[in-house]
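Engineer: My questions concern the predicted model and sequence given below.
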Amino acid sequence: PCVPSAGLPVLYLQHGFGECEISWTTTGKANIILDNLIEMGKIKPFVLVMCDGMVKEKFGLEERLNHVLLERMLVEEIIPMVEKKYQFGGCKEKRGMAGLSMGSVQTTRTVCDHPDLFSEVGIFSGFLRDFIEGDPDRDVVDRKPYE
């Protein structure tokens with residue numbers, strides 16, 4: 001059960017295409033900005049978890065990005081590990097996800113496929129289809145209909 005007073009909320013934050021899990025801090029200075037906002041009392045403390053969204057899958061000799069793999073890794077491995085080991089989040093009311101560009105595709109798909117896991121969502125420069133690779137056949141993934 002979710003105990004609102006126990007542990008900090010957690011935000012899973014995804015980067016854009018060609019970046020990596022540290023881009024929000026190295027380029028975006030998210031750690032400094034958030035620390036300053038917390039210090040000024042403008043936001044409440046929360047945990048930021050950034051995953052490498054450039055997950056690739058082998059097709060013969062070729063590797064291709066597969067956004068579905070990040071969703072699976074996040075839901076089956078990353079969220080359970082982070083929230084058990086560090087006791088952050090723990091329920092929908094204390095968990096959010098956000099993403100920029102490619103990360104917005106990953107965020108949209110993950111949040112829509114798992115509405116029971118997230119209470120907050122942020123989409124920055126967002127879109128629903130993966131136009132980055134330029135091959136619509138690669139973007140077609142068998143998915144259950146959104147409710």
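Structural biologist: Received the coordinates, thanks.
Engineer: quick one, helices of the protein?
Structural biologist: Taking DSSP state H, the helices of the chain run over residues 23-26, 30-39, 67-73, 79-85, 102-113, 136-139.
Engineer: highest average neighbour count across those helices?
Structural biologist: helix 102-113 (a mean of 23; mean count of other C-beta atoms under 10 Å). All C-beta atoms are positioned from the backbone trio N, CA, C, and that covers glycine.
Engineer: tell me what it is packed against?
Structural biologist: On a contact count with 3 or more C-beta pairs under 8 Å, 6 or more residues apart in numbering; DSSP states H and E, helix 102-113 meets strand 10-14, helix 67-73, strand 95-100, strand 120-124.
Engineer: mean pLDDT for the ones you listed: which is lowest?
Structural biologist: Across those, helix 67-73 has the smallest mean pLDDT, namely a mean of 84.
Engineer: Which residue is the nearest non-sequential neighbour of E63?
Structural biologist: Of all residues not flanking E63 in the chain, K56 sits nearest, at 4.3 Å (C-beta to C-beta, 6 or more residues apart in numbering).
Engineer: between the helices and strands packed on helix 102-113, which one is nearest to M50?
Structural biologist: strand 10-14 (5.1 Å; C-beta to C-beta).
Engineer: re the thing from before, out of the helices and strands packed on helix 102-113, which comes closest to V47?
Structural biologist: Once the helices and strands packed on helix 102-113 are compared by C-beta to C-beta, strand 10-14 is nearest, at 4.4 Å.
Engineer: name the helices or strands packed onto that closest one?
Structural biologist: Counting by 3+ C-beta pairs under 8 Å, 6+ apart, strand 10-14 packs on strand 47-51, helix 79-85, strand 95-100, helix 102-113.
Engineer: bridging residues for L11?
Structural biologist: Counting by DSSP bridges, L11 forms beta bridges with L48, G96.
Engineer: residue ranges with poor pLDDT in the protein?
Structural biologist: Applying pLDDT under 70 to the chain flags the ranges 1-6, 67, 127-147.
Engineer: L11 contacts S119, correct?
Structural biologist: No. L11 lies out of contact with S119 (C-beta atoms under 8 Å); the separation is 10.8 Å.
Engineer: Which one of the two is surrounded by more residues?
Structural biologist: Legend: neighbour count by other C-beta atoms under 10 Å for L11 and S119, higher for L11 (22 against 15).
Engineer: Nothing else from me, thank you.
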